[in-house]
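# Next input, structure requested:
(chains A and B)
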Amino acid sequence: MTLPVASNDPSCHCPLLDTKQGSESTVVAIACGDSEACRLRALGLYEGATISVIGKRHCLLVDVSGTRLALGSDLATGITVQPRAATAP
Amino acid sequence: MNAPAAPARLGHDRPLRVAIIGNPNTGKTTLFNALTGLRQRVGNFAGVTVERVEGAFTLGDGRRVTILDLPGSYSLTVGSPDEQIALEVLLKRDASHWDPDVVLVVVDAVHLDRNLFFASQVCELGLPVVIALNQIDVAKSQGITIDIPELIHELGVPVIPTVASRGEGLAPLRNALFTAAALPAPTSRFAIDASAETSLARHKWIGEVVERTVTRRARSLDTPSDRVDAIALHRVGGPLLFLVIMALVFQAVFSWAAPLQDAIESLVLAIGHRVGEVLPEGDLRSLVVDGVFAGVGSVLVFLPQIAILFGFIGLLEQSGYMARAAFLMDGLMRRVGLHGKSFIPMLSGYACAVPGIMATRTIEDPKDRLATILVVPLMSCSARLPVYTLLIGTFIPALPLIPGLDLQGATMLLMYLLGTVTALAIAALFRKTLLRGPVRPMILELPPYRWPAPQSLLVSVWQRCQVFLRRAGTVILSLSIVLWALATYPRAPADATRTAEQQQEAQLVHSALGRFGKAIEPAVAPLGYDWKIGVSIVASFAAREVFVSTMGTIYGVGGEDDAALADRLRTETDSSGAPVYTPLIAVGLMVFYVYALMCMSTIAVTVREAGGGRIGWRWATIQFVYMLALAYAAAWLVLVIGRALGFS
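Have a look, this model is predicted:
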């Protein structure tokens, strides 16, 4: 039950920090320290996971499979995502 | 009948050893409490379980089980010190050789996919595993259905649904622990390493398992928790709410406690008086009334404040607000080079530096962690309250400033602010010098809000009160007796021409305590203190609240209702007739106590948490010396600047 992806074109990829509040994306790549990446994957934020941005402050509030996480903006810059188009009816 | 012989004996010859582990916020500690009946603090903030807690229970047929509560962990491959402790035990490398027979993994049914990541890692350690599928009621209420037989089939380990908060599912769980001990360990699917490939393969497998076992309604991004967060994490409203909550906590600690404190004080006075009447006049009566009742009684009155403070901290942890507070404080913390997570240890430091320093274990970066450990004791802990309360109540007039705040309250607030601001400044200083390095990016789980469980809240408050009472009953009681003896012997020759008060004064000067005080007087004289204050400061190294009991013992008050310590201090004069304690001296003394690390327990815990052995002692020494230097310099500055401004 995957949602339709807007495009597989890498030009659609952007840092998580640049996605709109309330938008849903697929994680493409995680570029940060090894231990942070490891921690993120353990929390359910892994390559291929669906991530929603709930709020933006000095850090980012996101949802990954029902878990609410606060991510530092430096970290959110290093996470590349592919935004999804609106759900097809 | 044909069960293997060795495991069948487990529980009879020696207790079955069970290690309980799980992601933070799964209700692991609640389940632990429900199984063993031994209560401990239950929190909602990631990683509240930093103390090693072992419990035990016996089955109806006499088989025994001991359970070790391991720190909440997200993964076996990334190491916060907390998670490393858990891993050491699971790998049977624990220093105490507590090797588990069975691992009980607590899994949150609501967040099964994320929890399975960790649970499946544990399944690969080669130990028998039982999974408790906890909060199954919450999962049902959110429209999540889990096919448990299918899940058992997929994972190859027993899975028992539980509702720890209501004690449901405990009997089958207890039995499953014994059954599992006789079963072979589950088969290993993946290597336990930190590589992205393994993680992704694991997630892919979990996705398939969840696909086959879980049916659910679509997830909502507008849960009740999200609606609370819309206010609690609001750009303007969030910090405002945070300030209101903090103000409420402080107000409660200082005003709600007052009637209870008065009650305890009158009770101790009454008992002391009654006991004094029974005992014959002489040294024994003096020991009991002036030593024991005056010393311990003057500390016991702070029990209500400690109970209220820990009650609020427990409430904030359990409800899930503590993680939000860390989130809100992250911006500020980052500016001084600390992590948002450093806020929790610092807040705990308001209650006591010991749990505060232990709470730093959830901070992954060693430099972040050390910087936090070094500054936590600057947060004014509950042991300083007796000192502040005594000095403020005695020397600071209750001039109304604004409605709801008088000069006394403002002074108290100022002392707390002074400690907090200094802690932030010193942290920044350490992060720029000895502990230079980048700040780790923020990764923080915001658990769903929960109604606190009143019972476990009461238990956690009672636990903290017990620790305090134990201290009052041991350290402070024995110090009170020692101090009484030092102040009483050797006896000064009786002189009939002196008044009772003069005789008491002469006795004090003649005593061992008086001689020691006179010897160290030159060291405290620049701060404007006499030898009595010097003695009290030295004695308070055991614990700060001892300052008050020492003063109580020195002046022999507390056992008599007509001469309270406060009155005695106010009227105390030196040889020239000038008052010893002026408001300026009192403020200087308070500032000294804001900064000075007068606490043996804190030093001991710093040594252990900063790395133990020589490294631990090195950091503990740095901490003690910088705080003492700060205290001395600040108290001196208060005196010098105060006098220059014309205060006395």
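# C-alpha only now, for contacts and for neighbours.
Noted.
# Next, count neighbours for B:Leu248.
Residues near B:Leu248, counting by other CA atoms under 10 Å in any protein chain shown, number 13.
# try B:Glu281
Neighbour tally, B:Glu281, other CA under 10 Å: 10.
# and it, that one's in a strand?
No - counting by DSSP: H, G, I helix; E, B strand; the rest coil, B:Glu281 falls outside a strand, being coil.
# if I look at the most centrally placed residue in chain A, how far off is chain B?
Most central in chain A under CA atoms, centre = their mean is A:Ile51, positioned 4.3 Å from the mean C-alpha point. Shown here: A:Ile51 relative to chain B, a distance of 11 Å by CA to the nearest CA, to the nearest Å.
# now that residue, what's its secondary structure?
Going by three-state DSSP: A:Ile51 is strand.
# So it versus A:Cys32, what's the distance?
A:Ile51 is 17 Å from A:Cys32, where distance means CA to CA, to the nearest Å.
# Kindly report the same for B:Pro239.
Per CA to CA, B:Pro239 is found 30 Å from A:Cys32.
# Measure how far whichever strand or helix holds B:Phe242 is from the centre of its chain, please.
Assigned by DSSP states H and E, B:Phe242 falls within helix B:237-251. Distance of helix B:237-251 from the chain centroid (CA atoms, centre = their mean, to the nearest Å) equals 21 Å.
# what about that helix, near chain A?
No - interface with chain A: helix B:237-251 contributes nothing (CA under 8 Å from any CA of the partner chain), its closest point being 11.3 Å away.
# what is the mean pLDDT for that helix?
When pLDDT is averaged over helix B:237-251, the result is 84.
# the inter-axis angle of the helix or strand just after it versus helix B:237-251?
Later in the chain than helix B:237-251, the nearest helix or strand by DSSP H and E is helix B:257-278. Helix B:257-278 and helix B:237-251 meet at an angle of 20 degrees, taking axes from the mean of the first three to the mean of the last three CA atoms, to 10 degrees as the criterion.
# Get me the contact residues on chain A for chain B.
On the criterion CA under 8 Å from any CA, chain B has as its neighbours in chain A the residues A:35, A:38-44, A:46-47, A:54, A:57-59, A:63, A:65-75.
# Which of those residues fall in helices?
Counting by DSSP state H, those place A:35, A:38-42, A:73-75 in helices.
# Redo the residues you listed as CSV? Include pLDDT and distance to B:Met627.
Formatted as CSV, these follow (pLDDT from 0 to 100; distance: CA to CA, whole Å):
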residue, pLDDT, distance to B:Met627
A:Ser35, 81, 34
A:Cys38, 87, 38
A:Arg39, 87, 35
A:Leu40, 92, 38
A:Arg41, 91, 41
A:Ala42, 90, 39
A:Ser73, 86, 35
A:Asp74, 86, 34
A:Leu75, 89, 35
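# Any of these buried? List them.
Among these, those buried by neighbour count (16 or more other CA atoms under 10 Å in any protein chain shown) are A:38-42, A:73-75.
# show me the contacts for the closest residue to B:Gly613 other than its chain neighbours.
Setting aside the residues directly before and after it, B:Gly613 is nearest to B:Val607 in space (CA to CA, 6 or more residues apart in numbering or on different chains), at 7.2 Å. B:Val607 makes contact with B:613, B:615-620 under the criterion CA atoms under 8 Å, 6 or more residues apart in numbering or on different chains.
# OK, contacts around residue 17?
No chain was given, so I picked chain A. Applying CA under 8 Å, 6+ apart to A:Leu17 gives the contacts A:60, A:73, A:76-77, A:79.
# if you could check chain B rather than the one you did, that'd help
Residues near B:Arg17 by CA under 8 Å, 6+ apart: B:65-68, B:99-102.
# State the pair within the residues you listed that is farthest apart.
The span of the contacts of B:Arg17, defined through CA to CA, is set by B:Val65 and B:Asp99 at 13.2 Å.
# Compare these two and say which is more crowded by neighbours.
B:Val65 (22 against 17).
# Run me through the strand neighbours of the strand or helix carrying that one, direction for each.
Per DSSP H and E: B:Val65 is located in strand B:64-69. Sheet pairing of strand B:64-69 (DSSP bridges) gives strand B:16-22 (parallel), strand B:53-58 (antiparallel).
# Let me see the mean pLDDT of that strand.
This predicted structure assigns strand B:64-69 an average pLDDT of 88.
# List the contacts of it.
For strand B:64-69, the external contacting residues (CA under 8 Å, 6+ apart) are B:11-12, B:14-21, B:29, B:32, B:36, B:49, B:52-58.
# again, only this time at 7 Å
Contacts with strand B:64-69, where a contact means CA atoms under 7 Å, 6 or more residues apart in numbering or on different chains, come from B:11-12, B:15-21, B:32, B:52-58.
# Show me the helices in the stretch 401-550 of chain B, by range?
B:407-432, B:454-471, B:477-488, B:500-510, B:512-524, B:531-539, B:546-554 (DSSP state H, counting those that start in this stretch).
# isn't B:Asp342 right next to B:Leu370, touching?
No Asp there; residue B:342 is Ser. No - the criterion here is CA atoms under 7 Å, and B:Ser342 misses it with B:Leu370 at 10.3 Å.
# Tell me which of these two has more neighbours.
B:Ser342 (27 against 22).
# that's a strand at the more buried one, yeah?
No - secondary structure of B:Ser342 (three-state DSSP): helix, not part of a strand.
# Which residues are in contact with A:Gly22?
Contact partners of A:Gly22, counting by CA under 7 Å, 6+ apart, are A:52-54.
# follow-up on the earlier one: show me what counts as buried in the helix holding B:Phe242.
Those would be B:238-239, B:241-242, B:249-250, for helix B:237-251 by 16+ other CA under 10 Å.
# How many neighbouring residues does B:Cys381 have?
Using other CA under 10 Å, B:Cys381 has 23 other residues around it.
# Can you tell me the closest non-neighbouring residue to it?
Of all residues not flanking B:Cys381 in the chain, B:Tyr350 sits nearest, at 4.3 Å (CA to CA, 6+ apart).
# Distance of that neighbour relative to B:Thr213?
Look at B:Tyr350 and B:Thr213: by CA to CA, they are 46 Å apart.
# Name the residue in these two with the higher neighbour count.
Set B:Tyr350 next to B:Thr213 and count neighbours by other CA under 10 Å: B:Tyr350 wins out with 25 against 16.
# Determine the three-state secondary structure at that one.
Per three-state DSSP, the local secondary structure of B:Tyr350 is helix.
# what residue ranges in chain A score low on pLDDT?
A:1-10, A:85-89 (pLDDT under 70).
# one more time with 90, if that's ok
A:1-13, A:20-23, A:31-39, A:54-59, A:65-66, A:72-75, A:84-89 (pLDDT under 90).
# residue ranges for the strands of it, please.
In chain A, the strands defined using DSSP state E lie at A:14-15, A:24-30, A:50-56, A:59-64, A:67-72, A:79-83.
# Of these, which stretch is the most buried?
Highest mean neighbour count of the strands of chain A: strand A:79-83, a mean of 25 (counted as mean count of other CA atoms under 10 Å in any protein chain shown).
# what sits against residue 27?
Going with chain A. A:46-51, A:80-82.
# Can you look at chain B instead?
B:Gly27 makes contacts with B:Ala164, as judged by CA under 7 Å, 6+ apart.
# quick one: stretch B:183-193 near chain A?
No - no part of stretch B:183-193 sits near chain A under the criterion CA under 7 Å from any CA of the partner chain; the closest distance found is 9.6 Å.
# Give the buried residues for that stretch.
B:183, B:185-186, B:192.
# can you list the residues that contact that stretch?
Residues outside stretch B:183-193 that contact it (CA under 7 Å, 6+ apart): B:77, B:121, B:123-124, B:126-129, B:156-157, B:198.
# what mean pLDDT does it have?
On average, stretch B:183-193 scores 82.
# Kindly report the same for stretch B:431-438.
The model assigns stretch B:431-438 a mean pLDDT of 88.
# need the residues of chain B near chain A, please.
With CA under 7 Å from any CA as the criterion, chain B comes near chain A at residues B:74-75, B:78, B:111, B:114, B:117, B:194, B:199-200, B:219, B:331, B:441-447.
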